[in-house]
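A.B. asks: Structure for this input, please:
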Amino acid sequence: MSSRTYIVFDQDYAAADLKRLLGAVVVNPSRPLDLYTPKVERTQSLAYIDKYRLAPRKEMSANIETTAIRGTGAGLSLASLFSLDGEWETNDTYKLTSAEITTFSIEQHAEAFKALKAAHGPDINKIFREPGVKGRTVYMLVGFKVAKSPETSRISGQTKKISASVSSEGAVAIYTGIPLPIGAEVSGSKSITWETAVSSFVDEDRAFAGQYIRIVQKSGGITISNGRITLERMIIQKGTASHSKRTLAFSLGSSKDDTDNDGEEGDDDEDDDDEDAIGEHVESKGSDEEEDTIC
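C.D. replies: Now for the predicted structure:
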């Protein structure tokens, strides 16, 4: 099946906010407005990607549903009170219904990336120096979807499977929520499920999902000249980001998520032919001070 390349935002946004970010670099693909570059006014757009814009594509009477599944095992032991092992699984489901969904996107991603670096290379290098960003993947927004007056539902559920040998009413009640008679001793397993749901209707156009290409920073080598050590760092685009089934995401033009894609977020769909790079030199002058220049 198709790769899950459209990631659902943690919240929906006014359509104008995403239109100005098309072609920009963001740190968190689920929350594109938190930290991005270059800065652009809300009523404007990035002129350098105008030649790569595709005509908006409309889908009528659209329904989208996707589920993210995460699970782990956990062990807990309180000496002489009880021995208890638990496994839990979390399911997050997103559902959207709209009379019309419009997809805004750009083509020729490699060429658009070249235009981005030519216009804003220093800004891209700067965002990699933000706290917590160094060594991580950042993302260039190449597409997003806007729903007209959408009805949405976000459901978060958790299932806990318990296996236990118990001799303490209080401890088990705290852990499982199931009271036992005093002195009772029980062994076996049980599943407990609970969920919360938030539904909404917004009578305006809302952006709810985005598509990205991945951008990484790599070491490009060291040069020494006149006693100065220069560290070269290359910024490379690595193709379209795809998302695993642990993320709320779906494929282009799909009303159901494709749950057979087990790839990690950003690890799939690498296309070395699409790689392009800019370099940053960090020059050491024999002190803690660093000077950055773009080559």
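
A.B. asks: Leaving out sequence neighbours, find the closest residue to Met60.
C.D. replies: Once flanking residues are discounted, Met60 sits nearest to Glu100: 5.8 Å by CB to CB, 6 or more residues apart in numbering. The C-beta positions use only the backbone N, C-alpha and C, and glycine is treated the same way.

A.B. asks: since we're on the one you found, how many residues are nearby?
C.D. replies: 15 (other CB atoms under 10 Å).

A.B. asks: now Thr43
C.D. replies: 8.

A.B. asks: Torsion angles phi and psi at Gly135?
C.D. replies: When quoted as degrees, to the nearest 10, the phi and psi of Gly135 stand at phi 90, psi -10.

A.B. asks: Arg20 is in contact with Tyr36, isn't it?
C.D. replies: No - taking CB atoms under 8 Å as the definition, Arg20 is not a contact partner of Tyr36, at 9.8 Å.

A.B. asks: list the helices and strands the helix or strand hosting Lys126 packs on?
C.D. replies: For Lys126, the element it lies in under DSSP states H and E is helix 109-127. Applying 3 or more CB pairs under 8 Å, 6 or more residues apart in numbering; DSSP states H and E, one finds that helix 109-127 contacts strand 25-26, strand 36-37, strand 138-148, strand 205-225, strand 228-240, strand 277-284, strand 290-294.

A.B. asks: Could you save those as TSV and add columns showing distance to Lys58?
C.D. replies: Converted to TSV, these look like this (distance: least, CB to CB, whole Å):
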stretch	distance to Lys58
strand 25-26	25
strand 36-37	26
strand 138-148	9
strand 205-225	12
strand 228-240	22
strand 277-284	36
strand 290-294	40
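
A.B. asks: longest single strand anywhere in this structure?
C.D. replies: In the chain, with assignment by DSSP state E, the single longest strand is strand 82-105.

A.B. asks: Spit out the contact partners of the residue nearest to Met60.
C.D. replies: Lys58, Glu59, Met60, Ser61, Ala62, Ala147, Lys148 (CB atoms under 8 Å, 6 or more residues apart in numbering).

A.B. asks: What is the neighbour count of Ala118?
C.D. replies: For Ala118, the count of nearby residues is 10 (other CB under 10 Å).

A.B. asks: and if you look at Arg42?
C.D. replies: The tally of other residues near Arg42 (other CB under 10 Å) stands at 9.
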